[in-house]
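J.: give me the fold of what follows.
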Amino acid sequence: MTPEPGSATPAGGQELSDLSALKALAQPRRQQILQHLTLHGPATSAMLARDLGLNTGATSYHLRELARYGFTEESSPQDQSVGGRERWWRAVPGDRRFPPHSRQNPETRLVMDELNHLSYAADLELFERLQRQGQNLGEWADAFPYSRGTIRLTLPELRAFFEEFIALLNRYKRPDSETPDGARTVLTRLLAFPAPAHPDDADDARPNDAKAPARRAPADGNQTPAEGIQALDNTAETDTP
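T.: Residues are numbered from 1 along each chain as shown. Predicted structure coming up:
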């Protein structure tokens, strides 16, 4: 496997610092291919072309480019149940981190904006598709945990919160051979970001005596309990793309 460009982060993840690697990811078709391999397991270029509406030449090219940067690799025979001479591919798992905003140059920032746009759109499309499939999900239709909340954190605390989330995910990871009957792939997403600042909080150049009085958080700290929303409305259209 081609070594993944980047450097290890203090938390143990792999930072993608190579602009070429980021550009390789920020391509709509490659994001579709990676998503398909992640959700459905190893596949050939012909299978991907059929499922994604592409031609095999295009999928083969994108697979090679992804493999060049360590995002995909050829699958060993035991990873699939079908033999033959076709080349099978799998997504390479890993804790990949993107460079923080402070270390992004203008070109990197443009690539990251596109990558984020593709990722958010793909996640939303998957979630909406699943809601439309509610009547076909059986007991799983009642298990869409969705939580919203607000907490007041320092920057170090927010970073620690993220690392604890990653550690929690890793606690539940296990080899395919140890996966119990009835288990299925579950997509997890974490989005935590600071609330937009109030206009009065802007650090402008006005004299101190002209600035608005400092605002204080309410007595409860302006922190709302997490909302655990489980019963989503699955009565919308049920035809899926």
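
J.: contacts, neighbours, all on C-alpha from now
T.: OK.

J.: how's this protein carved up into domains?
T.: Following automatic domain parsing, one gets these domains for the chain: 7-132, 142-173+185-234.

J.: what's the least confident stretch among those?
T.: Per-stretch mean pLDDT for those is lowest at domain 142-173+185-234 (a mean of 72).

J.: distance of the nearest residue to G13 once chain neighbours are set aside from T108?
T.: Excluding the flanking residues, the one nearest G13 by Cα to Cα, 6 or more residues apart in numbering is D95, at 4.9 Å. As judged by Cα to Cα, to the nearest Å, D95 and T108 stand 20 Å apart.

J.: what is the burial count for Q31?
T.: 19 (other Cα atoms under 10 Å).

J.: next helix or strand past the longest helix anywhere in the chain?
T.: Ranked by residue count, the top helix of the chain under DSSP state H comes out as helix 106-132. As assigned by DSSP states H and E, the chain's next helix or strand after helix 106-132 is strand 146-148.

J.: and that following strand, how far from the chain's centre?
T.: 16 Å (Cα atoms, centre = their mean, to the nearest Å).

J.: what of stretch 20-37?
T.: 12 Å.

J.: so which bits of it are buried?
T.: 21-22, 24-26, 30-37 (16 or more other Cα atoms under 10 Å).

J.: any idea which of those is the one closest to L168?
T.: Q35 (22.1 Å; Cα to Cα).

J.: any idea how far the closest one lies from Y120?
T.: 13 Å.

J.: same deal with H101?
T.: For H101, the distance to Y120 - Cα to Cα - is 18 Å.

J.: show me where the protein has strands.
T.: In the chain, the segments counted as strands under DSSP state E are 7-8, 14-15, 43-44, 72-74, 88-91, 96-97, 146-148, 227-229.

J.: of these, which is nearest L126?
T.: strand 146-148 (14.3 Å).

J.: list the helices and strands that closest one packs on?
T.: When contacts are defined as 3 or more Cα pairs under 8 Å, 6 or more residues apart in numbering; DSSP states H and E, strand 146-148 packs onto strand 227-229.

J.: one step back: make a markdown table from the strands of the chain and add distance to L190 to it.
T.: Shown next, in a markdown table, are these (distance: least, Cα to Cα, whole Å):
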| stretch | distance to L190 |
| --- | --- |
| strand 7-8 | 21 |
| strand 14-15 | 18 |
| strand 43-44 | 28 |
| strand 72-74 | 24 |
| strand 88-91 | 21 |
| strand 96-97 | 14 |
| strand 146-148 | 10 |
| strand 227-229 | 14 |
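
J.: please identify the most buried of these.
T.: Highest mean neighbour count of those: strand 88-91, a mean of 24 (counted as mean count of other Cα atoms under 10 Å).

J.: against which helices or strands is that one packed?
T.: helix 28-40, strand 43-44, strand 72-74.

J.: what pairs with that strand, parallel or antiparallel?
T.: strand 43-44 (antiparallel), strand 72-74 (antiparallel) (DSSP bridges).

J.: how far does it sit from the chain's center?
T.: For strand 88-91 - counting by Cα atoms, centre = their mean - the centre lies 19 Å from the chain centre.

J.: just to revisit the earlier point, what's the closest of the helices and strands packed on strand 88-91 to M112?
T.: helix 28-40 (13.1 Å).

J.: other residues contacting that closest one?
T.: 24-25, 43, 48, 52, 59, 62-63, 66, 72, 89-91, 118-119, 185 (Cα atoms under 8 Å, 6 or more residues apart in numbering).
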